[in-house]
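Colleague: requesting a structural model of the entry that follows:
(chains A, B, C, D and E)
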Amino acid sequence: MPKGIKKLSKKAGLPPGTLVHIGEKKSDKTRITVMQYNEDHYQEKELSTIEECFSYKDNSVITWINIDGVHNIQLIEKAGKCFSLHPLTLEDIVNTGQFPKMEDYEDYIFIVLKMLYYDEQMNELEVEQVSLCLGSNFVVSFQEETGRDVFNSVRERIRNGKGRIKKMGADYLVYSLIDAIVDSYFIIMEKIGEQIDVLEDEVVNYPTGKVLHRLHSFKREMIFLRKSVWPLREVISTMQRGDSPLIHETTHIYLRDVYDHTIRIIETVETFRDILSGILDIYLSSISNRMNAVMKVLTIIATIFMPLTFLAGIYGMNFKYMPELEWQWGYPLILFLMGFIGISMLVNFRIKKWL
Amino acid sequence: MPKGIKKLSKKAGLPPGTLVHIGEKKSDKTRITVMQYNEDHYQEKELSTIEECFSYKDNSVITWINIDGVHNIQLIEKAGKCFSLHPLTLEDIVNTGQFPKMEDYEDYIFIVLKMLYYDEQMNELEVEQVSLCLGSNFVVSFQEETGRDVFNSVRERIRNGKGRIKKMGADYLVYSLIDAIVDSYFIIMEKIGEQIDVLEDEVVNYPTGKVLHRLHSFKREMIFLRKSVWPLREVISTMQRGDSPLIHETTHIYLRDVYDHTIRIIETVETFRDILSGILDIYLSSISNRMNAVMKVLTIIATIFMPLTFLAGIYGMNFKYMPELEWQWGYPLILFLMGFIGISMLVNFRIKKWL
Amino acid sequence: MPKGIKKLSKKAGLPPGTLVHIGEKKSDKTRITVMQYNEDHYQEKELSTIEECFSYKDNSVITWINIDGVHNIQLIEKAGKCFSLHPLTLEDIVNTGQFPKMEDYEDYIFIVLKMLYYDEQMNELEVEQVSLCLGSNFVVSFQEETGRDVFNSVRERIRNGKGRIKKMGADYLVYSLIDAIVDSYFIIMEKIGEQIDVLEDEVVNYPTGKVLHRLHSFKREMIFLRKSVWPLREVISTMQRGDSPLIHETTHIYLRDVYDHTIRIIETVETFRDILSGILDIYLSSISNRMNAVMKVLTIIATIFMPLTFLAGIYGMNFKYMPELEWQWGYPLILFLMGFIGISMLVNFRIKKWL
Amino acid sequence: MPKGIKKLSKKAGLPPGTLVHIGEKKSDKTRITVMQYNEDHYQEKELSTIEECFSYKDNSVITWINIDGVHNIQLIEKAGKCFSLHPLTLEDIVNTGQFPKMEDYEDYIFIVLKMLYYDEQMNELEVEQVSLCLGSNFVVSFQEETGRDVFNSVRERIRNGKGRIKKMGADYLVYSLIDAIVDSYFIIMEKIGEQIDVLEDEVVNYPTGKVLHRLHSFKREMIFLRKSVWPLREVISTMQRGDSPLIHETTHIYLRDVYDHTIRIIETVETFRDILSGILDIYLSSISNRMNAVMKVLTIIATIFMPLTFLAGIYGMNFKYMPELEWQWGYPLILFLMGFIGISMLVNFRIKKWL
Amino acid sequence: MPKGIKKLSKKAGLPPGTLVHIGEKKSDKTRITVMQYNEDHYQEKELSTIEECFSYKDNSVITWINIDGVHNIQLIEKAGKCFSLHPLTLEDIVNTGQFPKMEDYEDYIFIVLKMLYYDEQMNELEVEQVSLCLGSNFVVSFQEETGRDVFNSVRERIRNGKGRIKKMGADYLVYSLIDAIVDSYFIIMEKIGEQIDVLEDEVVNYPTGKVLHRLHSFKREMIFLRKSVWPLREVISTMQRGDSPLIHETTHIYLRDVYDHTIRIIETVETFRDILSGILDIYLSSISNRMNAVMKVLTIIATIFMPLTFLAGIYGMNFKYMPELEWQWGYPLILFLMGFIGISMLVNFRIKKWL
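Modeller: The predicted model follows:
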């Protein structure tokens, strides 16, 4: 079953805005971290309860609150109250079967994104949903797991004051997070590209039935990737169009850059799909080719030995009056004849280029 | 024949607006139920005749009249008169071969939807048409069957006052009904997804001719699903665009949510189609692979025994002067030669990786 | 060659507006009938010459003149003069290789449509072109044949005053004619659907080479159907958009209804195409499956009898010193050995699930 | 290599507006003809040098100058000067690898078209480029060859004053030339349609490997045809949109007519493509079917004679103690047994419907 | 892995605007050349350090600075400072995995293009990225390699004053550079076209497994070409739309010309793709055809010799009472019978057209 369908039915029949965690519960832990910064200032903290968030709101600095563990419904509900998020927003945050989208709730912009990891042991894509709420001077990000994300480079830049991140607003922080996610896609793409190269070599050199299943699973991953990346294009282009006052014009040029990267990811996915279907063609015709080779061996053997066996059969008959049997040179002659027939058959196959 | 085509020709040649029930008559029974509610009030009743409807109109409360049994032309005609529905609306209500659509008749909005059920015994999709007429303070819903629908969760919410349904207008009720239908699609999707997983396992492990027919019937179901869900997108997006005063702006945000769900259903259908065509590829190449395996066995057997049989044939000839026949060690020698030929053939096949 | 291409070249090189009948001349006869009606009045007549038409023009009643036999160039020319039709209109009327289109000549609207009949003997689609000219209070329809059309239901309604046709204008008459044609498509669709079901059963149960040709001819019919119905969508949607004063706003709601039907026909054609290509897949893989079955039989036979024949060959050799031949139990032993080999082969095939 | 690509590289690196003849030089000759006409007047002449053109300009009559032989760069350059054509126009005129396009240079409209001829000996499409420059009262047409074009019908109409050509302006002349070209496409289409019918019959009745190459070359011709006709649609639709004062409104209705014809040509090309891919399906499955037939013969023969030969082999063994050999009726009995086995095999095949 | 993906991940996690050279470092060398010209004046120089650039800015002449070696980050950074290029521009210049795009930074227009070379030894496409910055009176071009580019024809025209290049502005220079690149694509296309023709001949005459891999690599090149050329269409069309004051209206007509060429390149790529998939069809069915031929030989041999061998086997049996064995003419008779059977089999095959 495609990723992202399973368990969507859990919510069926409940009133809209009911919070039900949909998705695999990846761990029990939750974690709340806060980063506050402006051009001069920088502070980082881990909170034990979400209630502490309230004290971080409405300051003149940029606040980034990152909440890991969307399976904790109570936590999400409290966070929603704290930042006055719409019930439908909360519903989307805890439903991890979303695909990327952006919704403008006027007070804040709600963005859903997918982080992808490539599990090299299993050769599998793993996915984690990130939801971002961009307010006038805060960003709240919601993740599924506490263990990992792709935002460390952004955190480093805030800590070190590298780049222009500390001079810009909350919208630039959101841009940086999106950029980090899109950059991580390039790494995924490169790993998948290497896997596809390996697969292609295998198909060309020694194709087996396993190849097809791997091809099929690559195809499903491409379908999933496309669904994860394609709507991102729309998300960024909507942000860039600049209808919301929450996104400043100075950020537009950066959004155009990440939009470009998204386009490139999408094109790569399409290219991979084309290449995979080319590999399938090679595989199928290599099966036919091997069948041809097998058939040729069979035909060569049969064509040489059937006439010879027939000849031997003739002189194995028990007729009383078979003059050849009496000849002194009958046996050498027939052996010579058989050799001649065999060799001319072989020559014939060589001419037909079967050998 | 695809569902929804059959018997459409019954109406051919009749003037527009003539009521002819098109579709399978699923039961003889009809049932009329009324729910009336506002923020404080709630009342539920089953009516014996449609005439009683008149007394429920034009009140200050929200009235939801649900009519089961569109095969009863007289009933539908009377209901049409009661709520001043256009003859073309009535024609569409009794014609169950419709696909989802929305039509704005100014006084009311007419919406056609399909409810889907998955019959687990038969592994088949079943379909039932629902028509909704949304007036300023009433909703009339028409169903084919009395037995079942997917609206119980909505009824429960009205009864218990859960969620905001009792505080909102008739348009929110229509939204809730559409939402219930779309939610039920997720359940269908999950069941089909499980079936497709089973099919895929089968194709990979032991493919038979039956697989193809099941694949084909899944494909037809996907075609049907797509036709049932695709226009829904347009329906909801038209409602959301907010041209009609019957749909209040507060409902738009909810329509956007159900629109999102519809998009996800459509994408899932497309994904299923991709997966099904991948399964077909696996099936076809597994047939080729098995053919290859069979041919290899044949070729190995023929390649080993044809030369040996020929050799035996030679020494079965009755020539008078065949010196080998007289040799003391002729027989063991020839047996040894045969063994040698046979074994070297086997070694050869091993080298070619046929064994 | 696809229907509708043949003989189109006849007109090449002639100045535009030259009347050349293009298409099969289906009969020699021509027939002119006039129906005049308003809410109170109704009159029906068959004219012997087109000149009589003049007297029927410019009345306060709705006049429907139906001319059968577009091969009669003189007749069409005179009719053109009588109703002041543009030379290009006349050229299109006598050229039966048109596809549906609508052209607005300000004084009148010119519509080309295709009537389809399903010849059950030949399992073939037959096509007849109908051209309609809608003026302010008249409709002129041009057909190829005198024998048949699909308008009898419309005529009956005018005669009996059933429905609202007698209360409405000439535009409603044109709508009724289009509706009659679209309704007749449903009948065609149902018949083709039945034929496709029959074909599918055949492919599943006993596929032969004929199936493919029937599949191919169905595909060509689908191509033709699509070309006949697809532009109709555009025609009706243009009429409905209401640019021309000849089409009153009251008719728009009816055009929306027939537009809906057209969409459904188009979707059915697409569904049929999908189903046909599914049937082709089944057919092709059933060929492969049967090949597999044949190859298995061959391989089983060869694998059992080749080793046995070899064994028999060994003891058919004429070596002087073959001790086994002298044994008392040599013959029964070798028979037993052969039986053992044969049975173990069979067991082997059973394990491989070839039997 | 697809027609129209070859030699395009000749121009690479030259400044824009450099005149380089690109394409096959079909003959050495050039020819300049002038036709002048208005409603009352008509004059036709062949010029020996392009300089004479000057005297034909700026009259009150319509002047059509036709220049055959675009390989003559000097000639084209002088003509360009005479009618003040832009260097890029001249570059396009001598580059015969263009596809249809229209460019508005304000003083004149420049149109590139392709004339197609069907070479019945070679079953090949031939192509010739025509460039038209439409000024206020003149048309200059440039062709590659002197020998042939498709404009004779237009010339005849000017000479005889048939149709309305002499009453209309230069834009109507251009329309007439385009119409003549599009009409000639119908002839091509009919010839290709006949060829495809022949091919289809062949595939159904006795498919050989040649069929595939013809199919492939038809497909390439379809690709080429599509590229030649598809942009024509855009050309005519741009002309019809009426932005240029050089095209009068009275001509629009005629352009709509030729636009319609172009649409029909495009649809025919698409239909041909569909039919060709259907023929490919038939061809491929007929190969499979014949393979099946061959395999059945092999299997039947092997299945009948392998057991029989084995039986004969048994009684060919030289064991001393084989009681059956001594029996009086041993030989007839074994013959009877063999006959029985053979016949029951045949019955078996008949039951399996292999015979 | 598709060209242009590899190493894109190197940049992941860095702040936007960080200069990291992405791509293969083709050589160590860098080279800076300056050309300055106006209608009267012309000067050409090679600079040793980028700082000298400053003195060439802000003159009344057109300055073209060409910088080879984008792997030299320091150089690019200094050039960026000199011409006030945006950090994101510089990031794109050193990232050679870009696809064509145009970005308007108001002060200058930034254009990314791909130069293609065809390596005839390896039958491979090589790619080099060119970035152009168009200011009011200067053009800065950045290339990867010092060795080669496709701009020599442009340089020659500036040196010789051929064409109108010296009379026009910097925008015309940019047009000339784009035109040179697009022209070079035609050369590539012609070479690929020749290669495809060779491949097609091979497939038709003697198809081997290698063909498929070459087909596959052509397909990948087509995918790459399409990605390199397709966005170029958008780039030129944006420039032509004339939103930027940096591109004068007089240049628009030239941009339309190069736009036309781009369209033709794109169409050629599409045509090549169609042709390649046609070649795949031919290849696959030629495999099937050869399989058929092999099977026929096998079947003919088996069908002739199996019955004959059986006959010989019968008279090789050792029954005591086999009257035929005693006959004087038994042996000649049986030989005659065998000959008759063999010949009638051959006749049979001839009738079935297998021979």
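
Colleague: residue contacts, A:Lys25?
Modeller: A:His71 (CB atoms under 8 Å, 6 or more residues apart in numbering or on different chains). Where C-beta positions appear, they are placed from N, C-alpha and C, glycine not excepted.

Colleague: in what helix or strand does it lie?
Modeller: Using DSSP states H and E, A:Lys25 falls within no helix or strand.

Colleague: quick one: it and chain C, what's the gap?
Modeller: 40 Å (CB to the nearest CB, to the nearest Å).

Colleague: do the same with A:Lys45
Modeller: Distance from A:Lys45 to chain C, by CB to the nearest CB: 59 Å.

Colleague: ok, that residue touching A:Arg31?
Modeller: No. The pair A:Lys45 / A:Arg31 is not scored as a contact, 11.7 Å apart, by CB atoms under 8 Å.

Colleague: the more surrounded of the two?
Modeller: Neighbour totals were compared for A:Lys45 and A:Arg31, and A:Arg31 leads with 16 against 12 (other CB atoms under 10 Å in any protein chain shown).

Colleague: list the contacts for that one?
Modeller: Contacts of A:Arg31 by CB under 8 Å, 6+ apart are A:46, A:66-69, A:146.

Colleague: okay, and the beta partners of the closest residue to A:Gly161 other than its chain neighbours?
Modeller: Computed as CB to CB, 6 or more residues apart in numbering or on different chains, the closest residue to A:Gly161 that is not its neighbour in sequence is A:Tyr42, at 7.4 Å. Judged by DSSP bridges, the bridge partners of A:Tyr42 are A:Tyr37.

Colleague: spit out the contact partners of A:Tyr42.
Modeller: Counted by CB under 8 Å, 6+ apart, A:Tyr42 has contacts A:35-36, A:158-159, A:161, A:166.

Colleague: what about the residue in the stretch 201-350 of chain A positioned nearest to chain E, neighbour count?
Modeller: Nearest residue of the stretch 201-350 of chain A to chain E: A:Gly313, at 3.2 Å (CB to the nearest CB). Residues near A:Gly313, counting by other CB under 10 Å, number 31.

Colleague: and it, which helix or strand is it part of?
Modeller: Going by DSSP H and E, A:Gly313 is part of helix A:249-314.

Colleague: filter the contacts of A:Arg31 down to the ones in helices?
Modeller: Taking DSSP state H, every one of these sits outside helices.

Colleague: now do A:Glu221 against E:Leu225, distance only.
Modeller: 26 Å (CB to CB, to the nearest Å).

Colleague: on that earlier part again, so the residue of the stretch 201-350 of chain A closest to chain E sits right up against B:Gly313, yeah?
Modeller: Yes. Contact criterion CB under 8 Å: A:Gly313 and B:Gly313 qualify, at 5.9 Å.

Colleague: nearest residue to the middle of chain A?
Modeller: Per CA atoms, centre = their mean, the C-alpha nearest to the average position across chain A is that of A:Glu221, at 4.0 Å.

Colleague: can you tell me the element that one falls in?
Modeller: Counting by DSSP H and E, A:Glu221 is found in helix A:209-241.

Colleague: with A:Gly97 instead?
Modeller: Using DSSP H and E, no helix or strand contains A:Gly97.

Colleague: ok, A:Ile188 next?
Modeller: helix A:170-205.

Colleague: other SSEs contacting that helix?
Modeller: Counting contacts by 3 or more CB pairs under 8 Å, 6 or more residues apart in numbering or on different chains; DSSP states H and E, helix A:170-205 is packed against strand A:62-68, strand A:109-119, strand A:124-134, strand A:138-143, helix A:152-160, helix A:209-241, helix A:249-314.

Colleague: can you put the ones you listed in TSV and add distance to chain B and mean pLDDT?
Modeller: Formatted as TSV, those follow (distance: least, CB to the nearest CB, whole Å; pLDDT from 0 to 100):
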stretch	distance to chain B	mean pLDDT
strand A:62-68	22	91
strand A:109-119	10	91
strand A:124-134	14	91
strand A:138-143	18	92
helix A:152-160	28	88
helix A:209-241	5	85
helix A:249-314	3	87
